[in-house]
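> Sequence and predicted structure, then a few things I'm wondering about:
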Amino acid sequence: MKCDEMIVRYLLLDNGEKLSARMRLHLLFCKGCQREIASIEASFAKVKALEPPIDERDISDAVLMIVRNSLPLYTKKVSMEKWILAELIIIASIMLIHFSTAKAWLDERLGGYFHLLLNAAMGVIVTVYNAVLAMTHLDEFNRVRKRIMEYFR
(Lines give C-alpha, C1' and ligand atoms only; values in the text may rest on other atoms or scores of the structure.)
Protein backbone atom coordinates (compact mmCIF):
# COMPACT_ATOMS: atom_id res chain seq x y z
CA MET A 1 0.00 0.00 0.00
CA LYS A 2 1.33 3.44 -0.89
CA CYS A 3 1.56 6.17 1.71
CA ASP A 4 -0.83 8.54 -0.11
CA GLU A 5 -3.45 5.79 -0.34
CA MET A 6 -2.94 4.98 3.34
CA ILE A 7 -3.53 8.58 4.45
CA VAL A 8 -6.63 8.94 2.23
CA ARG A 9 -8.13 5.73 3.59
CA TYR A 10 -7.35 6.84 7.13
CA LEU A 11 -9.14 10.15 6.59
CA LEU A 12 -12.17 8.34 5.16
CA LEU A 13 -12.62 6.26 8.32
CA ASP A 14 -15.55 7.17 10.56
CA ASN A 15 -15.03 8.00 14.22
CA GLY A 16 -14.26 4.86 16.14
CA GLU A 17 -13.89 2.70 13.01
CA LYS A 18 -10.90 0.37 13.25
CA LEU A 19 -8.06 0.23 10.78
CA SER A 20 -8.01 -2.63 8.32
CA ALA A 21 -5.30 -5.27 8.60
CA ARG A 22 -3.48 -3.85 5.57
CA MET A 23 -3.51 -0.36 7.07
CA ARG A 24 -2.21 -1.61 10.45
CA LEU A 25 0.52 -3.57 8.71
CA HIS A 26 1.55 -0.49 6.70
CA LEU A 27 1.57 1.69 9.83
CA LEU A 28 3.67 -0.87 11.65
CA PHE A 29 6.54 -0.48 9.19
CA CYS A 30 6.13 3.06 7.78
CA LYS A 31 7.53 5.78 10.06
CA GLY A 32 6.38 8.55 7.68
CA CYS A 33 2.72 7.47 7.90
CA GLN A 34 3.04 7.08 11.67
CA ARG A 35 4.23 10.72 11.92
CA GLU A 36 1.53 11.93 9.49
CA ILE A 37 -1.31 10.18 11.36
CA ALA A 38 0.05 11.40 14.70
CA SER A 39 0.01 14.93 13.24
CA ILE A 40 -3.56 14.46 12.00
CA GLU A 41 -4.69 13.16 15.38
CA ALA A 42 -3.03 16.14 17.12
CA SER A 43 -4.82 18.52 14.72
CA PHE A 44 -8.16 16.84 15.43
CA ALA A 45 -7.54 17.16 19.18
CA LYS A 46 -6.76 20.89 18.81
CA VAL A 47 -9.93 21.47 16.78
CA LYS A 48 -11.98 19.58 19.35
CA ALA A 49 -10.51 21.72 22.10
CA LEU A 50 -11.51 24.87 20.20
CA GLU A 51 -15.17 23.89 19.85
CA PRO A 52 -17.41 26.31 21.72
CA PRO A 53 -19.00 24.97 24.87
CA ILE A 54 -22.59 23.87 24.51
CA ASP A 55 -25.01 26.09 26.37
CA GLU A 56 -27.49 24.05 28.37
CA ARG A 57 -30.09 26.85 28.48
CA ASP A 58 -33.08 26.64 26.16
CA ILE A 59 -32.95 29.74 23.98
CA SER A 60 -35.53 28.62 21.41
CA ASP A 61 -38.27 30.92 22.78
CA ALA A 62 -36.00 33.95 22.66
CA VAL A 63 -34.87 33.16 19.11
CA LEU A 64 -38.45 32.61 17.95
CA MET A 65 -39.50 35.95 19.48
CA ILE A 66 -36.67 37.74 17.66
CA VAL A 67 -37.61 36.10 14.38
CA ARG A 68 -41.31 36.90 14.81
CA ASN A 69 -40.57 40.54 15.61
CA SER A 70 -38.16 40.93 12.70
CA LEU A 71 -40.49 39.59 10.02
CA PRO A 72 -42.62 42.16 8.21
CA LEU A 73 -46.35 41.70 8.52
CA TYR A 74 -48.12 40.52 5.42
CA THR A 75 -50.29 43.44 4.42
CA LYS A 76 -51.18 42.73 0.80
CA LYS A 77 -54.92 42.51 0.45
CA VAL A 78 -56.84 41.13 -2.51
CA SER A 79 -59.82 43.25 -3.43
CA MET A 80 -63.35 42.02 -2.85
CA GLU A 81 -64.08 42.26 -6.58
CA LYS A 82 -61.29 39.80 -7.41
CA TRP A 83 -62.55 37.37 -4.77
CA ILE A 84 -66.08 37.52 -6.11
CA LEU A 85 -64.90 37.19 -9.72
CA ALA A 86 -62.88 34.11 -8.78
CA GLU A 87 -65.90 32.63 -7.00
CA LEU A 88 -68.10 33.24 -10.03
CA ILE A 89 -65.54 31.39 -12.14
CA ILE A 90 -65.58 28.48 -9.67
CA ILE A 91 -69.39 28.34 -9.71
CA ALA A 92 -69.48 28.57 -13.53
CA SER A 93 -67.02 25.69 -13.77
CA ILE A 94 -69.18 23.66 -11.40
CA MET A 95 -72.18 24.24 -13.67
CA LEU A 96 -70.29 23.65 -16.91
CA ILE A 97 -68.57 20.46 -15.78
CA HIS A 98 -71.86 18.63 -16.26
CA PHE A 99 -71.61 19.27 -20.02
CA SER A 100 -68.02 18.09 -20.47
CA THR A 101 -67.04 14.90 -22.27
CA ALA A 102 -64.64 14.03 -19.45
CA LYS A 103 -67.53 13.92 -17.00
CA ALA A 104 -69.51 11.65 -19.33
CA TRP A 105 -66.53 9.33 -19.57
CA LEU A 106 -66.15 9.31 -15.77
CA ASP A 107 -69.88 8.61 -15.40
CA GLU A 108 -69.52 5.53 -17.60
CA ARG A 109 -66.54 4.25 -15.63
CA LEU A 110 -67.55 5.17 -12.07
CA GLY A 111 -71.33 5.05 -12.18
CA GLY A 112 -73.91 7.09 -10.30
CA TYR A 113 -71.86 7.66 -7.17
CA PHE A 114 -69.58 9.94 -9.15
CA HIS A 115 -72.30 12.65 -9.21
CA LEU A 116 -72.61 12.53 -5.44
CA LEU A 117 -68.85 12.71 -4.87
CA LEU A 118 -68.34 15.48 -7.42
CA ASN A 119 -71.14 17.64 -6.05
CA ALA A 120 -70.01 17.10 -2.46
CA ALA A 121 -66.42 18.03 -3.35
CA MET A 122 -67.52 21.15 -5.21
CA GLY A 123 -69.77 22.13 -2.30
CA VAL A 124 -66.87 21.82 0.12
CA ILE A 125 -64.65 23.89 -2.18
CA VAL A 126 -67.22 26.70 -2.41
CA THR A 127 -67.87 26.61 1.34
CA VAL A 128 -64.17 26.80 2.23
CA TYR A 129 -63.64 29.56 -0.33
CA ASN A 130 -66.52 31.60 1.14
CA ALA A 131 -65.21 31.07 4.67
CA VAL A 132 -61.75 32.34 3.70
CA LEU A 133 -63.36 35.28 1.86
CA ALA A 134 -65.41 36.18 4.92
CA MET A 135 -62.44 35.91 7.29
CA THR A 136 -60.14 38.03 5.13
CA HIS A 137 -62.72 40.75 4.45
CA LEU A 138 -64.52 40.93 7.79
CA ASP A 139 -64.12 44.72 8.06
CA GLU A 140 -65.66 45.28 4.65
CA PHE A 141 -68.59 42.99 5.45
CA ASN A 142 -69.21 44.88 8.70
CA ARG A 143 -69.28 48.21 6.83
CA VAL A 144 -71.76 46.83 4.28
CA ARG A 145 -73.91 45.38 7.07
CA LYS A 146 -73.98 48.75 8.86
CA ARG A 147 -75.00 50.55 5.65
CA ILE A 148 -77.80 48.07 5.08
CA MET A 149 -78.99 48.38 8.68
CA GLU A 150 -79.00 52.21 8.38
CA TYR A 151 -80.90 52.03 5.10
CA PHE A 152 -83.73 49.99 6.63
CA ARG A 153 -84.11 52.17 9.75
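Yep, it's here. Numbers count the residues shown, from 1 in each chain.

> rest of the way, CA atoms for contacts and neighbours
OK.

> any idea how far Cys3 is from the residue of the chain positioned farthest from its centre?
In terms of distance from the mean C-alpha position of the chain, Phe29 ranks first, at 53.8 Å (C-alpha atoms, centre = their mean). Distance of Phe29 to Cys3, given as C-alpha to C-alpha, to the nearest Å: 11 Å.

> wait, isn't Cys3 in contact with Lys31?
No - with contacts counted by C-alpha atoms under 8 Å, Cys3 stays clear of Lys31, the gap being 10.3 Å.

> ok, the two, which is more surrounded?
Neighbour count, other C-alpha atoms under 10 Å: between Cys3 and Lys31, Cys3 has more, with 15 against 11.

> Look up the pLDDT of that one for me, please.
Looking at Cys3, its pLDDT is 88.

> which helix is the longest one in this structure?
Using DSSP state H, we find that the single longest helix of the chain is helix 113-136.

> which secondary structure elements does it contact?
helix 80-96, helix 101-110 (3 or more C-alpha pairs under 8 Å, 6 or more residues apart in numbering; DSSP states H and E).

> Need the mean per-residue confidence for the first one.
The reference is to helix 80-96. Mean predicted lDDT for helix 80-96 stands at 87.

> Give the buried residues for that helix.
Neighbour-count burial for helix 80-96 flags Trp83, Glu87, Ile90, Ile91, Ile94 (criterion: 16 or more other C-alpha atoms under 10 Å).

> And the second one, how far from Ser79?
Between Glu87 and Ser79 the computed distance is 13 Å (C-alpha to C-alpha).

> neighbours around Leu110, how many?
Neighbours of Leu110 (other C-alpha under 10 Å): 11.

> ugh, wrong one, Ala21
9.

> Listing request: residues of this structure with sub-threshold pLDDT.
Counting by pLDDT under 70, the chain contains low-confidence residues at 1, 51, 53-56, 73-75.

> domain ranges for it?
As assigned by automatic domain parsing, the chain contains the domains 3-50, 80-151.
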